[in-house]
Structures are given as C-alpha cells and as structure tokens.
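A.B. asks: build the 3D model from these lines:
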Amino acid sequence: MAGLKKHKDGLRAKSVSDLRTVLVDAKQELFNLKFQRATGNLENHRNIRKAKKEIARIHTVIREKELDEAGKGDSK
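C.D. replies: Numbering: from 1, shown residues only. Prediction:
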C-alpha cells in the first residue's frame, strides 16, 4: 500500500501536460500487452490489469488537477 501512495504522489507532482504524456505511454503499453495476448506471446496476464489500473490512476489525477484549477478560478 505504501508503494501505491508514493506512486500516486509522484503522479500528483507532475503537470497535466506531463500526465497526458504518461497517459499516452500507458495506453500504448496496454495496446502492446493486448497485442501480445492475441498472438499468444504474453507471459503474465496480470500485466494487462496493472496497465488498466495505471491508466485509471492517471485519469483520476488529471481530473483532480482540473477540479482544483476550476475551484481556484471560482474563488475570486
């Protein structure tokens, strides 16, 4: 659990543009894993689940940052 918190904190330290870049890379990794599964070359099927969860984490942090920015703009 502590490793996950450190990882999420690491994501939160990045800017939204950096997170979008990481998101593209994570989606590409998921595509590659799905392709390996389809061709029978995937050794660990759990990696697909991990990649999906990583993508969800990135989306969550991006949304948190968007809401934070919107909240700052409303409190004039």
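A.B. asks: report the mean confidence score over the lengthiest helix in the chain.
C.D. replies: Secondary structure of the chain per DSSP state H: the longest helix is helix 46-74. What helix 46-74 shows for mean pLDDT is 93.
A.B. asks: for stretch 22-31, same thing?
C.D. replies: Per-residue pLDDT values across stretch 22-31 average out to 98.
A.B. asks: pull the residues that contact it.
C.D. replies: 11, 14, 48, 51-52, 54-55, 58-59, 62 (Cβ atoms under 8 Å, 6 or more residues apart in numbering). Where you see a C-beta, it was placed from the backbone N, CA and C, and this is true even at glycine.
A.B. asks: again, 10 Å this time
C.D. replies: 11, 14, 47-48, 50-59, 61-62 (Cβ atoms under 10 Å, 6 or more residues apart in numbering).
A.B. asks: repeat for stretch 48-57
C.D. replies: For stretch 48-57, using Cβ under 10 Å, 6+ apart, the contacting residues are 4, 7-8, 11, 19, 22-23, 25-34, 36-37, 42, 44.
A.B. asks: so for it, what gets flagged as buried?
C.D. replies: Within stretch 48-57, the residues that count as buried by 16 or more other Cβ atoms under 10 Å are 48, 51, 54-55, 57.
A.B. asks: from the chain's centre, how far out does that stretch sit?
C.D. replies: In terms of Cα atoms, centre = their mean, to the nearest Å, the centre of stretch 48-57 is found 7 Å from the chain centre.
A.B. asks: alpha carbons only: can I get stretch 33-49 in PDB?
C.D. replies: C-alpha atoms of stretch 33-49 as PDB (Å, rounded to 0.1, in the frame of the first residue of the first chain):
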ATOM      1  CA  LEU A  33       0.100  -6.100 -23.900                       C
ATOM      2  CA  LYS A  34      -3.300  -6.800 -25.600                       C
ATOM      3  CA  PHE A  35      -1.500  -7.500 -28.900                       C
ATOM      4  CA  GLN A  36       0.900  -9.900 -27.100                       C
ATOM      5  CA  ARG A  37      -2.100 -11.700 -25.600                       C
ATOM      6  CA  ALA A  38      -3.800 -12.000 -29.000                       C
ATOM      7  CA  THR A  39      -0.600 -13.500 -30.500                       C
ATOM      8  CA  GLY A  40       0.000 -15.800 -27.600                       C
ATOM      9  CA  ASN A  41       3.200 -14.100 -26.500                       C
ATOM     10  CA  LEU A  42       2.000 -12.700 -23.200                       C
ATOM     11  CA  GLU A  43       3.700 -14.300 -20.300                       C
ATOM     12  CA  ASN A  44       1.900 -12.600 -17.400                       C
ATOM     13  CA  HIS A  45      -1.800 -11.800 -18.000                       C
ATOM     14  CA  ARG A  46      -1.800  -9.800 -14.800                       C
ATOM     15  CA  ASN A  47       0.100  -7.000 -16.500                       C
ATOM     16  CA  ILE A  48      -3.000  -6.100 -18.500                       C
ATOM     17  CA  ARG A  49      -4.900  -5.500 -15.300                       C
END
